[in-house]
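Trainee: Everything below, folded, please.
(chains A, B, C and D)
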2 protein chains.
Amino acid sequence: MNATIKDIARKAEVSYATVSRALNNKYGVNPETRSRILQIAKDLNYSPNAIARGLVSSRSYTIGLVLPDVTNPYFPAVAAGIEAYSQERGYSVFLCNTNWEQQREDNYIQLLAERRADGVIIAPVGGGINKEPQSLLPTVFVSNAPRDTPHSSVVIDNIRGGYLATKHLIECGYKTIGFIGVSEHGMADNDRLEGYRRAFSRYGLEPEARYIKYGDFRQQTGYNIIRTLIEDGDYPKAIFAENDVLAIGILHGIKDSGLKVPEDIALIGFDDIAFSSYQEFQLSTIKQPKEQMGRAAAEILIEEIESSENPTAPRKVILEPELVVRKSSCRE
Amino acid sequence: MNATIKDIARKAEVSYATVSRALNNKYGVNPETRSRILQIAKDLNYSPNAIARGLVSSRSYTIGLVLPDVTNPYFPAVAAGIEAYSQERGYSVFLCNTNWEQQREDNYIQLLAERRADGVIIAPVGGGINKEPQSLLPTVFVSNAPRDTPHSSVVIDNIRGGYLATKHLIECGYKTIGFIGVSEHGMADNDRLEGYRRAFSRYGLEPEARYIKYGDFRQQTGYNIIRTLIEDGDYPKAIFAENDVLAIGILHGIKDSGLKVPEDIALIGFDDIAFSSYQEFQLSTIKQPKEQMGRAAAEILIEEIESSENPTAPRKVILEPELVVRKSSCRE
DNA sequence: GTGCTTGTCGGAAACGTTTACTGCAAAGTA
DNA sequence: TACTTTGCAGTAAACGTTTCCGACAAGCAC
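Mentor: Sure thing, here's the model as predicted:
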């Protein structure tokens, strides 16, 4: 149905090897022949078949992007960086939404192998403390990575992020500071908690276990946790939420309980999703350079793909988080 | 590097046609041979090569998703529906972010043709009133569609949406109602404006041209437009914003001008992105069933792909928008 | 004139599948 | 018995490229 290289060859009365060379701007074809071929290709509305090309070159110029949830604003920001850079380099990206399910993550990794993607970028659902996603393709983790993974990764220094957040609250004068997290098992989660602990010990304080709570990644969960805490009458005067979506839920919960932020409870989040800066939230937070992380991940992956002859050592990029102080964290 | 069907054939001492049949559960291979082959495939860690399969079957089980901006929460919601349904049906989706640039949209459509995607779902940047994206693949438009396109589309009844929004404001008692839109050239944009006009004439009112403003899709633009309007001292008492992102910008602009919503200016948006429901915004809006739209678009596309023998007539699905009244639109 | 380089092109294999066609033995039918 | 059918398996072509190898003529140096 589509015109092929052979159709062009027939019309140009040359062999199809020559057509291929002409089309790919390769050395060894007479300029006149070349331009004649190009013209015919144009006339025939020729569109090269990337699949056939992929078969012989065993390169698909395709990468997989496996992430937990397109609907959580953190991930699209990372995805945008990945997509933009990949496109610049001629790669297309498969969107794979795991819905926070380990099972689907595994399935997708296998599927991408079957589709002969050249590589994969994974924002792992589990954070993979216990279980590392088994990928045979060139792989880079983004946002969260198993601790001893042999693959490259682009993350921020979560320990430092947790430290900065907590230190900030401590310096605002708070001594009881709660931690509300997504999961006990993720690397990023653990590190943020670790930073939290270090800030405490740095100031000679002791975190209190009853103020460390886990839920999941949803806003509603943050809302529920804080409401329960407040209703029980025993709640910390400041809270470090492991991500902004949780934090915004918590913000609502506090307000619905008739308390104020930061007067009654101070709050700091993590990620700096776009909405956090809105006037209505004014959420203090730890900023992750999301697009930049996406770009970096794509850069590393493509570098690895294209130098697969002499493989490079896995790169561990750790970007700096940044404290963003808005109005939710300190009383004036 | 990867094991192929031939490796399996050699080991099983059968022809590779038999292996293919066994692997694909086709009729005509002895149960014992089949299970022997399956076992060997497993041992060899065989992963079928979707590219080679695609070459012979001229089906890639891949669709392209072309959208303006992953970072705008409206699109990920639609994308989630598309991705989920496609995955159920065995299709993978290419993420193509046009960044609201016509040029990139065109490039992507061509790229997807080269990659032999089986079809494309497009949320067109221009809304294509003047220019329809030229796609040779099976195509369905989502969210916005050129008026006389020969392709299928899934949109909401934007005229009705605009009508509902405006009617609601009129029934709240407003007589001067502004319209702030993204573009004069998009179909959806035009329709929403048309609904706005109809509501006026239905109530025997006349819209005032000086209160109809255009900008683009960004929050900041909404902010700027309203601030200018207010500073000029001549502003409508109610505003219908063509989408929620704009509306939220407008909300900020109003507040920063020292005015209140809805007491000084009433506001209604369009789309019902997740954040609109937040306590802090309480934005009245017109709800689009975004995930459902995505699903529907994917369903139609795959239907068209798989019945390409006897092509079906293009389907125009028009879903009903729904008025969601929160606190930004009516004084109590 | 001989030999070598250079430029241009064609032939053919290869990538990993699917599938139409064919072959053949065993089983069933008349 | 002679035939048709059935079940199983192999052969080979095809999908649309890329690329290695070799052919051949023209131009050059000796």
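Trainee: Okay, helices next: where are they in chain A?
Mentor: A:5-12, A:16-23, A:31-43, A:50-57, A:74-88, A:102-114, A:158-171, A:187-202, A:219-231, A:244-256, A:290-306 (DSSP state H).
Trainee: can you redo the ones you listed as CSV with mean pLDDT and mean neighbour count?
Mentor: C-beta here means a position set from N, CA and C on the backbone, and glycine is covered the same way. Listed next are the helices of chain A as CSV, based on pLDDT from 0 to 100; neighbours: other CB atoms under 10 Å in any protein chain shown:
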stretch, mean pLDDT, mean neighbour count
helix A:5-12, 95, 18
helix A:16-23, 95, 19
helix A:31-43, 95, 15
helix A:50-57, 96, 18
helix A:74-88, 97, 23
helix A:102-114, 96, 19
helix A:158-171, 97, 23
helix A:187-202, 94, 21
helix A:219-231, 94, 19
helix A:244-256, 93, 25
helix A:290-306, 97, 22
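Trainee: who's the closest residue to residue A:108 other than its chain neighbours bridged to?
Mentor: The shortest distance from residue A:108 to any non-neighbouring residue, by CB to CB, 6 or more residues apart in numbering or on different chains, is to residue A:96 (4.2 Å). Beta-bridge partners recorded for residue A:96 (DSSP bridges): residue A:66.
Trainee: wait, what's in contact with residue A:96?
Mentor: A:64, A:65, A:66, A:67, A:108, A:111, A:112, B:83, B:92 (CB atoms under 8 Å, 6 or more residues apart in numbering or on different chains).
Trainee: mind running it again at 6 Å?
Mentor: A:64, A:66, A:108 (CB atoms under 6 Å, 6 or more residues apart in numbering or on different chains).
Trainee: so the first one sits right up against residue A:119, yeah?
Mentor: No: between residue A:64 and residue A:119 no contact is recorded; they are 7.5 Å apart, counting by CB atoms under 6 Å.
Trainee: just to revisit the earlier point, please convert the helices of chain A to TSV, extending it with distance to DNA strand C.
Mentor: Listed next are the helices of chain A as TSV, based on distance: least, CB to the nearest atom of the strand, whole Å:
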stretch	distance to DNA strand C
helix A:5-12	7
helix A:16-23	3
helix A:31-43	4
helix A:50-57	3
helix A:74-88	24
helix A:102-114	9
helix A:158-171	40
helix A:187-202	35
helix A:219-231	44
helix A:244-256	42
helix A:290-306	17
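Trainee: Quick one: closest of the ones you listed to residue A:318.
Mentor: Taking CB to CB, helix A:158-171 is the member of these nearest to residue A:318, at 8.9 Å.
Trainee: could you say what helices and strands that closest one packs with?
Mentor: helix A:187-202, strand A:238-241, strand A:285-287 (3 or more CB pairs under 6 Å, 6 or more residues apart in numbering or on different chains; DSSP states H and E).
Trainee: my guess is residue A:249 meets residue A:219, correct?
Mentor: Yes: using CB under 6 Å, residue A:249 is in contact with residue A:219, at 3.7 Å.
Trainee: okay, and the common contacts of the two?
Mentor: Residues touching both residue A:249 and residue A:219 (CB under 6 Å, 6+ apart): there are none.
Trainee: for residue A:191, what are its contacts?
Mentor: Going by CB under 6 Å, 6+ apart, residue A:191 touches A:158, A:159.
Trainee: how close does it get to DNA strand D?
Mentor: 44 Å (CB to the nearest atom of the strand, to the nearest Å).
Trainee: what does chain A have sitting close to DNA strand D?
Mentor: A:2, A:4-6, A:16-17, A:20-21, A:23-24, A:26, A:46-49, A:52-53, A:55-57 (CB under 7 Å from any atom of the strand).
Trainee: which of those residues come close to chain B?
Mentor: A:47, A:48, A:52, A:55 (CB under 6 Å from any CB of the partner chain).
Trainee: and which of those residues is nearest to DNA strand D?
Mentor: residue A:52 (3.4 Å; CB to the nearest atom of the strand).
Trainee: Could I get the contacting residues of the residue nearest to the closest one when sequence neighbours are not counted?
Mentor: Closest residue to residue A:52 apart from its sequence neighbours, by CB to CB, 6+ apart: residue B:55 at 5.6 Å. Listed by CB under 6 Å, 6+ apart, the contact set of residue B:55 reads A:51, A:52, A:55.
Trainee: Then residue A:291?
Mentor: Residue A:291 makes contacts with A:77, A:80, A:81, as judged by CB under 6 Å, 6+ apart.
Trainee: Quick check: the second one vs residue A:319, distance?
Mentor: Between residue A:80 and residue A:319 the computed distance is 16 Å (CB to CB, to the nearest Å).
Trainee: What residues does chain A have near chain B?
Mentor: Checking chain A against chain B by CB under 6 Å from any CB, the hits are A:47-48, A:50-52, A:54-55, A:70-71, A:76, A:79-80, A:83, A:92-95, A:97, A:113-116, A:252, A:275, A:279-280.
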